[in-house]
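Engineer: Predicted structure and sequence below. I'll ask about it afterward.
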Amino acid sequence: MVKRKLRMGMIGGGPGAFIGAVHRIAANLDGEIELVCGAFSSDPSKSKETGESLYLKDSRVYGSYKQMFEDEKKLPDNERMDFVAIVTPNHLHFEPAKLALEAGFHVVLDKPATFNLEEAKQLRKILNGTKLRFCLTHTYAGYPMIKEARQLISDGRFGKIRKVYVEYPQGWLSEFLEGTKNKQASWRTDKTKSGIAGAMGDIGTHAFNMAEYVTGIKVRSICADINIVVDGRELDDDGAMLLKFESGASGTLMATQVAAGEENNIRIRVYGEKGGIEWKQEDANTLMVKWMDRPVELYRAGAGYLSDIAKHNCRTPAGHPEGYLEAFANHYRNFALTIRAELNGENPKDAWLDFPGIEEGVRGMAFIETVIASGKSNEKWTPLIE
């Protein structure tokens, strides 16, 4: 029986990085995982600096991810890492993920999955040729009340789904920050590092994933209006679109990084024949449930009346706020529980398997390419590129 923490390596997350520290906190939150090694920067001295700050052994801090994979493979089973978390800019997602899988390591990857759709498809093919696990950190799918919303819809409580509205407004790129040596703004607005999309790849993919995750229905076509609002920017910073789902439902999606004064209040509303749900990140512990024939109900995180899947992803009693870090940590915990079960020859529980994977990664890249193609087209509808 495997009775130990899973051992994690990390690629990226060095000095000046943002999301690497979030991954480390999330992985550590439930005591299921320990960070044992890393290649934290393409600059070996910066990688060493980060490793020292995290109290890692010098021998487990690497100057490149290629060296890390080679050296970790040589370690005995009771020492080497079990999986790697990749927290680099988009253009450095595919190769380290590919090498990790080929070296026999499970992968956690920050979204979007890759630089382009073709890379995502290649990664899926490689993964499907292994028995390894892959997690894509679409954070917002980790919230317990988002899982409750998905369960209510899946149970048919609202009848056939008709309308979906999802929005993600930010304001942090309302100015030309990439011209001020802002590291986060610089790579996210650089087509050689981000890919063909800016806001649509950075936050539009989150909104798209939420729409498909909560409803359980795939988008089949998109009619998009994509904009570059800030002078001098080379990638989109704003956009809105109409959605058509395979079930016949319709919807809208808005994502912008130039809504001055907005932070990260991603929000979704879904309506069926009998009622619907509304959730927003600014009040993440509350799910509004709306009905045709009775008053609005407020479902609260931590309450005993929630579904088993929502309760599994709650940590505190009702009234004690849980937020972004806990939602992020739910993906890591479920990923770890799944791997540990399989190491012990057991079948993972359904609740543990509820984390985004390679299919969500491929769908996200298809969304990006379709949105940009639709935004450039004079045609009203663009089928989702697959």
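Structural biologist: Yep, it's here. Residues are numbered from 1 along each chain as shown.

Engineer: Helices along the stretch 101-250 of the chain, start to end?
Structural biologist: Counting by DSSP state H, counting those that start in this stretch, the stretch 101-250 of the chain has helices at residues 117-128, 144-154, 183-188, 191-194, 199, 205-215.

Engineer: Determine which stretch of these is the most buried.
Structural biologist: Highest mean neighbour count of these: helix 199, a mean of 28 (counted as mean count of other CB atoms under 10 Å). Heads up, the C-betas are built off the backbone N, CA and C, glycines and all.

Engineer: what sits up against that one?
Structural biologist: 170, 173, 235-239, 255-257 (CB atoms under 8 Å, 6 or more residues apart in numbering).

Engineer: hang on, the earlier thing: please tabulate the helices of the stretch 101-250 of the chain in CSV, including the columns mean pLDDT and distance to N264.
Structural biologist: Below are those laid out as CSV (pLDDT from 0 to 100; distance: least, CB to CB, whole Å):
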stretch, mean pLDDT, distance to N264
helix 117-128, 98, 25
helix 144-154, 98, 15
helix 183-188, 94, 14
helix 191-194, 96, 18
helix 199, 98, 13
helix 205-215, 98, 9
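
Engineer: wait, which of those helices is closest to E278?
Structural biologist: helix 144-154 (8.9 Å; CB to CB).

Engineer: contacting residues around the closest one?
Structural biologist: Contact with helix 144-154 is made by 140-141, 158, 161, 210, 213-216, 268, 270, 272, 277, 279, 284-287, 289, 299, 301, 306-307, 309-311, 313-314, 322, 327, 330, 354, as judged by CB under 8 Å, 6+ apart.

Engineer: List buried residues within the residues you listed.
Structural biologist: 140-141, 158, 161, 210, 213-215, 268, 270, 272, 277, 279, 284-285, 287, 289, 299, 301, 306-307, 309-311, 313-314, 322, 327, 330, 354 (16 or more other CB atoms under 10 Å).

Engineer: Next, format the helices of the stretch 101-250 of the chain as TSV and append distance to S45.
Structural biologist: Below are the helices of the stretch 101-250 of the chain laid out as TSV (distance: least, CB to CB, whole Å):
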stretch	distance to S45
helix 117-128	30
helix 144-154	41
helix 183-188	17
helix 191-194	22
helix 199	34
helix 205-215	33
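
Engineer: Compare those and give me the one nearest F245.
Structural biologist: With CB to CB as the criterion, F245 lies closest to helix 205-215 of the helices of the stretch 101-250 of the chain, at 7.1 Å.

Engineer: Report the angle between the closest one and helix 144-154.
Structural biologist: 50 degrees (axes from the mean of the first three to the mean of the last three CA atoms, to 10 degrees).

Engineer: what about the strands in the stretch 201-350 of the chain?
Structural biologist: When assigned using DSSP state E, counting those that start in this stretch, the strands of the stretch 201-350 of the chain occupy the ranges 219-227, 238-245, 250-256, 267-272, 275-280, 286-291, 297-300.

Engineer: Now do the first one: distance to the chain's middle.
Structural biologist: Shown here is strand 219-227, whose average C-alpha point lies 20 Å from the average C-alpha point of the whole chain (CA atoms, centre = their mean, to the nearest Å).

Engineer: What helices and strands are in contact with it?
Structural biologist: Applying 3 or more CB pairs under 8 Å, 6 or more residues apart in numbering; DSSP states H and E, we find strand 219-227 packed against helix 205-215, strand 238-245, helix 358-376, strand 382-383.

Engineer: Many thanks, we can stop here.
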